[in-house]
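Q: Give me coordinates for this.
(4 chains)
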There are 2 protein chains.
Amino acid sequence: MVNSRFSVAIHILSLIATTSDKSQLTSDFIAGSVNTNPVVVRRMIGVLKKAGLLTSQSGIAGYDLLVEPKDLTLLAIYHAIDGPEQLFAIHDEPNPACSVGRKIQHTLEGVYTSVWYAMKEQLQAQTLQDVLDQLR
Amino acid sequence: MVNSRFSVAIHILSLIATTSDKSQLTSDFIAGSVNTNPVVVRRMIGVLKKAGLLTSQSGIAGYDLLVEPKDLTLLAIYHAIDGPEQLFAIHDEPNPACSVGRKIQHTLEGVYTSVWYAMKEQLQAQTLQDVLDQLR
DNA sequence: TATTCCTGTAACTATAATAGTTACAACAGG
DNA sequence: CCTGTTGTAACTATTATAGTTACAGGAATA
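A: Residues are numbered from 1 along each chain as shown, chains lettered A, B, ... in the order given. As a prediction, the model looks like this:
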């Protein structure tokens, strides 16, 4: 199972999208909703900011989305947090002297790529707005 | 990224399927092809055996598949090694006092389920025989 | 200006997953 | 017996993840 960063990122973005009172929207407040540490939140927000999904100003409470929820696909969020394009790890340096070992990496890459594409399609089909609609 | 057990399992099963000289097929030989420790191989084989995919006899070299490669889907292998049905972790105990926190877990479960189904379909569509064909 | 609240970030710690390793009991067959 | 093998428990090393402490610096305001 992959880590919970993707979940936390979606949670944070949902809060930013739905909280109208910006002065309330501090990393401390967000951390209280996510149930984690404010630094973990600020760290994640730094990543999302770097990816161009939101803005913030040092010293001032509040964050703003730079992309409309309906235009923000879950795939874009996934990429923002640097989610891997390969779901399954492939073991290192299988034996090239063995006919299976020689070709297994390339073969598995093909298999995993088809799996990843199917996943990708799902992530692209859903936006932050869809998530917000379900949160109501 | 998920661990490499799935890759190792497929590698091991491929070797068992393609090695005709059973006396050669020891955990040591397999470990040499995978490039890992024989105990790691025996451990994994124990798991696959428990799932009913192969047999072995204590003290005797050689393993035998119990399912025809063409009938063995990658999904079955994935399930055998207890691959999680949920790809992404969801953070624990979001704040129920917050409207987002209250519903985020359920919402994300729905999102991740649709992603998992797409993945599942791909894993079910490919068999060990497909892998063997590509290894040639 | 001093105070307060906030962001941004570095550095450290704790925990858990993963894989690798050592060790050894038990089985098979010459 | 002796050798080579499987099956398993137990331990270690490495890494990823998340949580935490600490603090520099911006912004607003009394």
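Q: Please tell me how far A:Lys120 sits from B:Asp71.
A: Distance, A:Lys120 to B:Asp71, by Cβ to Cβ, to the nearest Å: 29 Å. Any C-beta I mention is one placed from the backbone N, CA and C, and that applies to glycine too.
Q: more neighbours, the two?
A: Higher neighbour count among A:Lys120 and B:Asp71: A:Lys120, with 17 against 11, using other Cβ atoms under 10 Å in any protein chain shown.
Q: who touches the more buried one in this structure?
A: Contacts for A:Lys120 (Cβ atoms under 8 Å, 6 or more residues apart in numbering or on different chains) come out as A:Leu75.
Q: same check, this time on A:Ala17
A: A:Ala17 neighbours (Cβ under 8 Å, 6+ apart): A:65, A:69, A:128, A:132.
Q: Going by neighbour count, which of those residues comes out on top?
A: That'd be A:Leu128 among the contacts of A:Ala17, by other Cβ under 10 Å, with 24 neighbours.
Q: for it, what are its contacts?
A: By Cβ under 8 Å, 6+ apart, the contact list for A:Leu128 reads A:10, A:13-14, A:17, A:69-70, A:72-74, A:77.
Q: A:Arg5 too?
A: A:44, A:81, A:83.
Q: The second one contacts A:Phe6, correct?
A: Yes - at 6.2 Å, A:Ile81 counts as touching A:Phe6 under the criterion of Cβ atoms under 8 Å.
Q: more neighbours, those two?
A: In this view A:Ile81 and A:Phe6 are compared by other Cβ under 10 Å, and A:Phe6 has more residues nearby, 24 against 17.
Q: okay, the residue in chain A that DNA strand D sits nearest to: pLDDT?
A: Chain A approaches DNA strand D most closely through A:Gly59 (2.6 Å), counting by Cβ to the nearest atom of the strand. The score at A:Gly59 is 92. That number is its pLDDT.
Q: what's the neighbour count on it?
A: For A:Gly59, using other Cβ under 10 Å, the count is 5.
Q: partner strands of the biggest strand by length in chain A, parallel or antiparallel?
A: Secondary structure assigned by DSSP state E gives strand A:60-65 as the longest strand of chain A. Using DSSP bridges, the strands paired with strand A:60-65 are strand A:54-57 (antiparallel).
Q: Next, see if stretch A:95-106 gets close to DNA strand C.
A: No - shown here: stretch A:95-106 not in contact with DNA strand C (Cβ under 7 Å from any atom of the strand), separated by at least 12.9 Å.
Q: anything in that stretch sitting right up against chain B?
A: Yes - using Cβ under 8 Å from any Cβ of the partner chain, stretch A:95-106 reaches chain B at A:95, A:98-101, A:103-104.
Q: Show residues contacting that stretch.
A: Stretch A:95-106 has contacts (Cβ under 8 Å, 6+ apart) with A:90, A:94, B:7, B:10-11, B:14-15, B:18, B:32-35, B:134-135.
Q: Contact residues of chain A facing DNA strand D?
A: Proximity of chain A to DNA strand D, by Cβ under 7 Å from any atom of the strand, involves residues A:2-5, A:8, A:36-37, A:39-40, A:43, A:57-60.
Q: Check pLDDT for those residues and point me to the minimum.
A: Scoring the residues of chain A next to DNA strand D by pLDDT puts A:Val2 last, at 77.
Q: and A:Leu75, that one's in a strand?
A: No - counting by DSSP: H, G, I helix; E, B strand; the rest coil, A:Leu75 is not part of a strand but helix.
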